[in-house]
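J.: Got a predicted structure plus its sequence, pasted below:
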Number of protein chains: 2
Amino acid sequence: MTRVHDLTRRLQKDNGSKIVLLVSDGLGGLPLEAGGKTELESANTPNLDALASVGETGGSIPVLPGITPGSGPGHLGLFGYDPLEYDIGRGVLEALGIDFELGSNDVAIRGNFCTIDSDGNITDRRAGRIASEIGERLCEILDAIEIPGVEVFVRPVKEYRLVIVFRGEGLGGRVNDTDPQTTGVPPLEPVGADEPSQKTAEICKEFLEQARGLLADESPANLLTMRGIAMLPEIPRFQEVYGLNPGAIAVYPMYRGLARLVQMDVLDAGATLESQMDRLEATWNDYDFFFIHFKYTDSTGEDGDFDGKVARIEQLDAAVPRITALGPDVMIVTGDHSTPAKMKSHSWHPVPTLITSDRARTDASTAFGEDQCRTGSLGQFEAQHLMLLALAHAGRLEKYGA
Amino acid sequence: MTRVHDLTRRLQKDNGSKIVLLVSDGLGGLPLEAGGKTELESANTPNLDALASVGETGGSIPVLPGITPGSGPGHLGLFGYDPLEYDIGRGVLEALGIDFELGSNDVAIRGNFCTIDSDGNITDRRAGRIASEIGERLCEILDAIEIPGVEVFVRPVKEYRLVIVFRGEGLGGRVNDTDPQTTGVPPLEPVGADEPSQKTAEICKEFLEQARGLLADESPANLLTMRGIAMLPEIPRFQEVYGLNPGAIAVYPMYRGLARLVQMDVLDAGATLESQMDRLEATWNDYDFFFIHFKYTDSTGEDGDFDGKVARIEQLDAAVPRITALGPDVMIVTGDHSTPAKMKSHSWHPVPTLITSDRARTDASTAFGEDQCRTGSLGQFEAQHLMLLALAHAGRLEKYGA
C-alpha cells in the first residue's frame, strides 16, 4: 500500500470541486543544441503561457531520477500509483492497447508470429514482419483453439504481433517468455514459478501444440512465441482512494485501458482533439475529475520530428480555452514522460507541469516551458505525488493530524 | 535490496559509452559571511564553468536533508548504494583506511591505546596521544599474540590509534565497544549480541588479557580499548548492478578501500593529481567507468582554510581538460559531502554537481557554484540516485515498463 493512498483515504473530502488533468504524452523535450529552445519553448502557446503565469509550475519526475518510463508506469505515476509498486506486465498492456476488456481471472500474453524450420528451430523471430492482414487471418485460425477449463481469446495487434488471453479460475501470471531472443534454437518451454502459474504454463503448452498443427502449412508464420505473460495487478480504485468520480477522454486504446485499470469511466470520443473537447463539455456535469489524453506530442517526438511536435503543442494550446471556459477549480497540464525529438525516444527528463487554482502560489513563470518550470513553485517532484497536489489545490484534503 | 539496484539490474545495457565520476571530497562550502561567495564560487574555474554551461547542474543530498555523512556513507551514496541500508562499521572503515585487504571472514576493530592505573581503571583514554612511532612499536608487540582458531593482525594507524583484525570461521560483528567513554572506570567487557558475535567477544577477551600482560611495563600506553567492532557488509558488486567495468583512481587508502568494497579495480597512481591523470589516460581503454578522487578540498575545509580550499579547487579545475580531452560520454563533477571552511567539518549542505552529456537539458548555469546549482536542471536529488542519472545520460538504461 502506498503512502499516498494511506493519506488520501484518510483525508479525502468532497467539496464538489472539479479537476482537469490534461496529459500531453511525451510533453518534455530537449533543445537540439545546447542553449537552444525545447519543443515546448519553441511553440507559440499563449493559452498555456497564461496558465503558467497565474499558476504554479515545476518538473514531474516520472519514476525516479534517470528512469525512463513506458506509457504504463508513466500514467500510473500521474494517477498517483507508485509505478515501482504496481508493475504492469507487457501482455496486460498489449491487451489494454487493443481495447480488450481484461478481467481479474485473465492471463494476457503478447504473441509474436515467428518462423520455424523443419527441426523446430526459430529462423525468424518476427516471421518476416508479415502484413497486418496476414496476422489477422492467422489470429482467426488460432481463435478456434479450445482448451478444457479455460476460455481462449486470440486477437491481432499489428503485423506479426498478437494478444492471447486465457480466462479461467486459478491461473497465475508468473510464467517465463518462450521467445529465446535468438534464432537457430527452438522456443523455450513455458514454466510456472508457482502452482497457479504452472497451471497457466500447461495451458500455454497445449495452446502452442495446437497452434503448431494449425499453422503447419502456413509460411512464413508457422508458429508463435509468447512474451510478457501477466495478469492484471491488484490495483485500488481511483474513486475509492481519492473520493473523485473520474471520467477519461482518451483516443488511443492503450490510454483508455490504463484509465480502465484504475476503474475510471472511459468516455467515447472521436479521434480529434475537438471531439475530445466536445465530449468534455457534454459530460462536464457528470464527473468531478477528467483525464484528457493527447497522444501526438509523443508520436512526433518518437519520430524525431521537432517541428511536428511544436505544431502539435500549438494544436493542444488552441484547445485550452475550451477547457478553461468550463471553469475547472483545478487545471493541471503535464506529460507522462519526456519524448525529446532529439532522442527519438521516451526519456527521464522531468516533465514541465503547471497547476492552476485559487490556492496557487504563483511563481515567476511567464511562459510554459522547461527552462521556466525549472525554477517554479512546484520544484521537482515525483509524479506519484501529483494527485496529492491536485486534491490539495481542489480543497479536497483535510488537515493531517491535529 | 535497494530500489535503485532492482532497476539497474533489470534495465542495464552496454552501449560501450564511458562515464567519469570526478569526486572532489568535501566540495560544497559556505560563504564566510551572509551574501558572500563560497569557496567554489570564489575560485577561478574556467574549465568547470564551461562544463556547467553546457551541462545540467544541481545539488546532491548525501543521505537525507540535514544528515552529515562521513566518508563511507558519502561515497556509498555516490556509488548508488543506499547509505542508510549499507552501514559500514567504524572498524571496517579504519581497516580500509590503512589499505588492509579485508575478507568476508574478518572482524575489524578500531583500537585506542589507553592508560590504566593499578586498579585497572582508565586514566587516559588516548594514552597521552603517544607519538606514532610508539604506537607502531606497541603494535609490533601485540601482533605476536596468538589465539587458537583465528589469525590475528595488529596494525598501527596513527598516534594512539590501531586496527585489530581477527580472521576465522563463524565470527560475528555485533559486539559492544569496550571503551567506556569516560575515565576512572575499567574498560567494558565485550559481549556478543548473537552466537557468532559471542565467539568474537571471547576472542576479544583473550586478546585483551594477553595485551594486558604484554603492555604491563609500558607507559603511558599500557592497554587498549576496542571500538567499532564490525565485519564487511554484504554489498553487491558495482559491475553486477550497473553493467559497468569500473576503475578507481584514488590516492588515499580510505577511498581506495571504499572502491574495493564495491569491487572496483583500484588503479595505482602517484600522490599527485597529475599522476592520477596520467593513470586515467593510460587505462582509458580498459574501463567504462572511472571514479577519480581528489582529497584536498576536504582537508583544507576541515582545517578551516578557506583560501587553501579555493586554491585546491583551482588545482582541480586545471586538471579538467585532461579528462575532457579523452571524450567521456558522461562527465560528472561532485563531492561526497560539503566541508565548509567556515565550519571546519563535514556538513549536510547539498553538494554542487554537474553532469555533461549529449542528452543534457542545459540550464542557465554559466559557472559551477552553489548559487547557480540551486536552480539547475537536476534540482536537488539524493546522492544515491546519481548513478541512475549517470547511466541514463550514457544511454545505458532501457525503458522501465512498456
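T.: Noted; the coordinates are in hand.
J.: Pull up the distance across stretch A:316-333, start to finish.
T.: End-to-end distance of stretch A:316-333 (CA to CA, to the nearest Å): 11 Å.
J.: Just the buried positions in it, please.
T.: In terms of neighbour count (16 or more other CB atoms under 10 Å in any protein chain shown), stretch A:316-333 has its buried residues at A:316-317, A:319-320, A:322-323, A:326, A:328-333. In this view, the C-beta of every residue, glycine as well, is placed from N, C-alpha and C.
J.: do the same with stretch A:18-35
T.: Neighbour-count burial for stretch A:18-35 [16+ other CB under 10 Å]: A:18-31.
J.: Up against chain B, what does the stretch 201-350 of chain A have?
T.: Taking CB under 8 Å from any CB of the partner chain as the measure of proximity, the stretch 201-350 of chain A contacts chain B at A:228, A:340, A:342, A:343, A:345, A:346, A:347, A:348, A:349, A:350.
J.: Which ones among those lie within strands?
T.: Mapping those onto strands (DSSP state E) picks out residue A:228.
J.: Adding neighbour count, write the residues of the stretch 201-350 of chain A next to chain B out as JSON lines.
T.: Output for these, formatted as JSON lines (neighbours: other CB atoms under 10 Å in any protein chain shown):
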{"residue": "A:228", "neighbour count": "22"}
{"residue": "A:340", "neighbour count": "25"}
{"residue": "A:342", "neighbour count": "20"}
{"residue": "A:343", "neighbour count": "19"}
{"residue": "A:345", "neighbour count": "17"}
{"residue": "A:346", "neighbour count": "25"}
{"residue": "A:347", "neighbour count": "25"}
{"residue": "A:348", "neighbour count": "26"}
{"residue": "A:349", "neighbour count": "28"}
{"residue": "A:350", "neighbour count": "26"}
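J.: Tell me which residue of chain A lies closest to chain B.
T.: Of all residues in chain A, residue A:66 sits closest to chain B, at 3.1 Å by CB to the nearest CB.
J.: what's the burial count for the nearest residue to that residue once chain neighbours are set aside?
T.: Nearest non-adjacent residue to residue A:66, counting by CB to CB, 6 or more residues apart in numbering or on different chains: residue B:388, 3.1 Å away. Residue neighbour count, defined by other CB atoms under 10 Å in any protein chain shown, stands at 24 for residue B:388.
J.: residues contacting residue B:388?
T.: Contacts here follow CB atoms under 8 Å, 6 or more residues apart in numbering or on different chains; on that basis residue B:388 touches A:64, A:65, A:66, A:67, A:348, B:4, B:7, B:8, B:80, B:397.
J.: Reformat these as CSV; add pLDDT.
T.: Below are the contacts of residue B:388 laid out as CSV (pLDDT from 0 to 100):
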residue, pLDDT
A:64, 97
A:65, 98
A:66, 98
A:67, 98
A:348, 98
B:4, 92
B:7, 95
B:8, 97
B:80, 97
B:397, 98
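J.: Out of those residues, which is nearest to residue B:272?
T.: Nearest to residue B:272 out of those is residue B:80 (CB to CB; 28.6 Å).
J.: Now that closest one: phi and psi?
T.: In terms of degrees, to the nearest 10, the main-chain angles of residue B:80 are phi 90, psi 20.
J.: Distance of the closest residue to it other than its chain neighbours relative to residue B:394?
T.: Leaving out its chain neighbours, the residue that sits closest to residue B:80 by CB to CB, 6+ apart is residue B:387, at 3.2 Å. Using CB to CB, to the nearest Å, one obtains 10 Å as the distance from residue B:387 to residue B:394.
J.: Just checking: what are the partner strands of the helix or strand hosting residue A:230?
T.: According to DSSP states H and E, residue A:230 maps onto strand A:223-231. Partner strands for strand A:223-231, per DSSP bridges, with pairing direction: strand A:106-116 (antiparallel).
J.: quick one, what contacts residue A:376?
T.: Counted by CB under 8 Å, 6+ apart, residue A:376 has contacts A:56, A:57, A:58, A:59, A:354, A:363, A:364, A:365.
J.: tell me the SS of the second one?
T.: By that I understand residue A:57. Under DSSP: H, G, I helix; E, B strand; the rest coil, residue A:57 falls in the strand class.
J.: Show me what it is bridged to.
T.: residue A:354.
J.: Tell me how many other residues crowd it.
T.: Residue A:57 has 29 neighbours, counted by other CB under 10 Å.
J.: Mind pulling up the pLDDT for it?
T.: Predicted confidence (pLDDT) for residue A:57: 98.
J.: and it, what is it in contact with?
T.: With contact taken as CB under 8 Å, 6+ apart, residue A:57 is in contact with A:352, A:353, A:354, A:355, A:363, A:365, A:368, A:372, A:373, A:376, A:377, A:378.
J.: Which element, helix or strand, includes the fifth one?
T.: Spelled out, that is residue A:363. Here residue A:363 is assigned to no helix or strand, by DSSP H and E.
J.: So the closest residue to it other than its chain neighbours: helix, strand or coil?
T.: Take residue A:363 and drop its neighbours on the chain: the residue closest to it by CB to CB, 6+ apart is residue A:377, 4.2 Å away. At residue A:377 the chain is in coil, as set by three-state DSSP.
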